[in-house]
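A.B. asks: mind looking at a prediction? Sequence and model below.
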Amino acid sequence: MKIKMPIRTGKVKAIVSNLVIVAADGTVAQNEICHIRLGEIFLKAEVIKIVGNDAYVQVFESTRGLKVDDEVIFQGHLLEVNLGPGLLTKKYDGLQNDLDKIENIFLNRGIYSEALDMNSEWDFIPLSKISETVVAGSWLGEVKEKNILHKIMVPFILEGDFRVKKIAKTGRYKLTDTIATIEAKNGSETEVTMVQRWPIIKALKGYKEKIRPYQLLETGVRIIDMMNPMAEGGTGFIPGPFGSGKTVLQHAIARQSKVDVVVVVACGERANEIVEIFTEFPLLDDPKTGGKLIDRTVIIANTSNMPVASRQASVYTGMTIAEYYRAMGLKVLVLADSTSRWAQALREMSNRMEELPGPDAYPMDLPAVISGFYARAGQVKLVNDSGGSITFIGTVSPAGGNLKEPVTEATKKAAHSFYALSQHRADSKRYPAIDAIESYSKFLDYPELVTYMQQTISQNWKTEVVKMKDRLFKGHEAMEQINILGDDNVPLDYHEKFWKSELIDFVILQQDAFDAVDSFTSLERLKYMQDKIAEICEVSFRFSNYEEVGVYFRAIINAWKQINYAPFQSEEFKGFNRQLDEILKERKQENGNVTV
């Protein structure tokens, strides 16, 4: 919301890298934006701390060349983003500069580009009527943005009830044209265009209430959908060391999840990884629309060599854009890579302000900051009783794969799903490298989601998931005993437990993200796989030595691998399934006898 204040100035008092202490001439507000004069240009900065007449500001640009007594002008508003048609397919930095409009290789200081093309024209269709009562977030009309019906809404900064006094007819209008005039109870009028602004640090409401997530966000990734489900409107995070497959997993989730809009936040990642996002995302096919994934994607990018303050802003910019699309009744997925870099930016600024450090020198309030950010996701009921959702999945890059470090521990408390990537699984080429034993989903305890899964997969879904995790754990224990005592010195049932866990691993947990069939597994196919795995794991087999166990289960795994690459219920699929049934008959015990 705008801060109505006269223009106030100040002078630079001290400079510590990106932290500048300003002696203010008047009252300033927390998180207010200011501009610092550097020759002929102005550097954008944000007030992060106020002590007496001194304002501590974090500068979003390099402060090289800045001097004591340089002029500072306070702007009277918070860091805001432009919201309106034209956001999709855009590549922004954390300050919402359109990177495609940057002519030079590097971002020049003090140069800011328009986030939206204000001269662009859109085909407007009114949804509201004269004299209709509206509130902030009410839908006044819509335009088609790619494959999305982009709603034009009453500005979110307004409070109270309004009456529609004028509404534009169906036609083509510029972003800045007035498409509606609304009147407050006191008679004051507000002209509404297709564009509005909102401060990123503040959660954008535009809804009646938040509701508990009640249905699965189908990703097509088996280890997620079956064993550690992500609810639509839920939160999760993916910690893992370098090279463990975070990027490929994120691409798979972005491409396959049943959502309307994807917001990708590259927060402080290496420049080459962000270049890969820019080059690969436009080429990814969108199974939802048949077009390209970029057509329903917004990318917010800040590399690791950009100023830390700009990196810190990027996650809030991405979330604010997601909240805007949620207010249209859409399902939005936000992927942030990596929140560790965001936390490092918080640590750097905290250290420069000489605040009392917490564990590993991170700010003492790091858990509260992370929890507050994750809380902005969720399923909501809008003012017109329709629904929208933001599902947030962040990645964490703990140094050396240490899952006990502060960012991972703080994120565990905030997120509801935990997908731990294992270096050992990655080294063994078992992708996705999610450790099924270490990972968990708190949504398994949500009665609404359990009921949904029982209705869509099977009544025994949760029971079988618990059994499957138990078999994986027992298989891990058996493997350790075999490694310690040797193959010959453990009972045969240890080998059978181990190989049944390997069957679950190879068939369910591992998945080919680059195969057209195996990359996505429908809920119908998941039900078949769950039932079949349960049937095999309940069967008693008879073996005379441990070598027979390994040979036999490898044959089962190889047969099932062929099934996984065959389209569901195709003739090829049915043929491989019959081969699997024949293999199972070879050593299956019935009434204590082996069937041949």
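C.D. replies: Right, received. Where do you want to start?
A.B. asks: show me what the longest helix seen in the chain is in contact with.
C.D. replies: Identified as the longest helix of the chain according to DSSP state H is helix 461-485. Contact with helix 461-485 is made by 226-227, 436-437, 444, 450, 453-454, 458, 490, 494-495, 497-502, 504-505, 508, 530, 533-534, 537, as judged by C-beta atoms under 8 Å, 6 or more residues apart in numbering. To be clear about C-beta, it is placed using only N, CA and C from the backbone, and glycine gets the same treatment.
A.B. asks: the helix or strand harbouring Phe124 - what's its average pLDDT?
C.D. replies: Applying DSSP states H and E as the criterion places Phe124 in strand 121-126. For strand 121-126, mean pLDDT is 98.
A.B. asks: what lies in contact with that strand?
C.D. replies: Counting by C-beta under 8 Å, 6+ apart, 85, 140-145, 152, 167-175, 179, 194 sit against strand 121-126.
A.B. asks: ok, that strand: who's next to it in the sheet?
C.D. replies: Applying DSSP bridges, strand 121-126 is found paired with strand 139-145 (antiparallel), strand 171-174 (antiparallel).
A.B. asks: most tightly packed of those strands?
C.D. replies: Ranked by mean neighbour count, the strands paired with strand 121-126 are led by strand 139-145 with a mean of 20 (mean count of other C-beta atoms under 10 Å).
A.B. asks: the helix or strand following that one - contacts with which helices or strands?
C.D. replies: Later in the chain than strand 139-145, the nearest helix or strand by DSSP H and E is strand 148-153. Applying 3 or more C-beta pairs under 8 Å, 6 or more residues apart in numbering; DSSP states H and E, one finds that strand 148-153 contacts strand 139-145.
A.B. asks: got the angle between the strand it packs on and strand 148-153?
C.D. replies: 150 degrees (axes from the mean of the first three to the mean of the last three C-alpha atoms, to 10 degrees).
A.B. asks: in the protein, which helix or strand is least confident?
C.D. replies: Lowest by mean pLDDT, DSSP states H and E among the helices and strands of the chain is strand 593-594, with a mean of 42.
A.B. asks: and for stretch 231-238, what are the contacting residues?
C.D. replies: 211, 213-217, 230, 246, 249-250, 331, 339, 374, 377-380, 389-396, 411-412, 414-421, 434, 441, 443, 446, 449.
A.B. asks: keep only those of these that are in strands.
C.D. replies: 211, 331, 378-380, 389-396, 417-418, 441 (DSSP state E).
A.B. asks: for PyMOL, write a command that selects the buried ones of those residues.
C.D. replies: Under the burial definition 16 or more other C-beta atoms under 10 Å, those of those that qualify are selected in PyMOL by:
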select buried, resi 331+378+379+380+389+390+391+392+393+394+395+396+417+418+441
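A.B. asks: from the ones in strands among the contacts of stretch 231-238, pick the one nearest Val265.
C.D. replies: Gly394 (8.5 Å; C-beta to C-beta).
A.B. asks: now do the same contact list for that closest one.
C.D. replies: Taking C-beta under 8 Å, 6+ apart as the test, what Gly394 contacts is Gly236, Phe237, Ile238, Leu335, Ala336, Asp337, Ser338, Thr339, Tyr374, Thr411, Ala415.
A.B. asks: export those as CSV, with columns for distance to Glu477.
C.D. replies: Putting the contacts of Gly394 into CSV (distance: C-beta to C-beta, whole Å) gives the following:
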residue, distance to Glu477
Gly236, 27
Phe237, 28
Ile238, 26
Leu335, 35
Ala336, 36
Asp337, 34
Ser338, 33
Thr339, 33
Tyr374, 34
Thr411, 29
Ala415, 28
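A.B. asks: switch those over to TSV; also include neighbour count and pLDDT.
C.D. replies: As requested, the contacts of Gly394 are exported to TSV (neighbours: other C-beta atoms under 10 Å; pLDDT from 0 to 100):
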residue	neighbour count	pLDDT
Gly236	28	97
Phe237	25	94
Ile238	29	95
Leu335	23	95
Ala336	25	93
Asp337	24	87
Ser338	26	84
Thr339	27	90
Tyr374	23	97
Thr411	27	96
Ala415	25	96
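A.B. asks: give me the beta-bridge partners of the residue most central in space within the chain?
C.D. replies: Residue closest to the mean C-alpha point of the chain, counted by C-alpha atoms, centre = their mean, is Leu335 at 2.5 Å. Counting by DSSP bridges, Leu335 is bridged to Val264, Ile393.
A.B. asks: now the helices for this structure?
C.D. replies: Counting by DSSP H, the helices of the chain are 222, 246-256, 271-280, 308-326, 339-352, 366-374, 406-414, 423-427, 447-456, 461-485, 492-504, 523-538, 546-564, 571-587.
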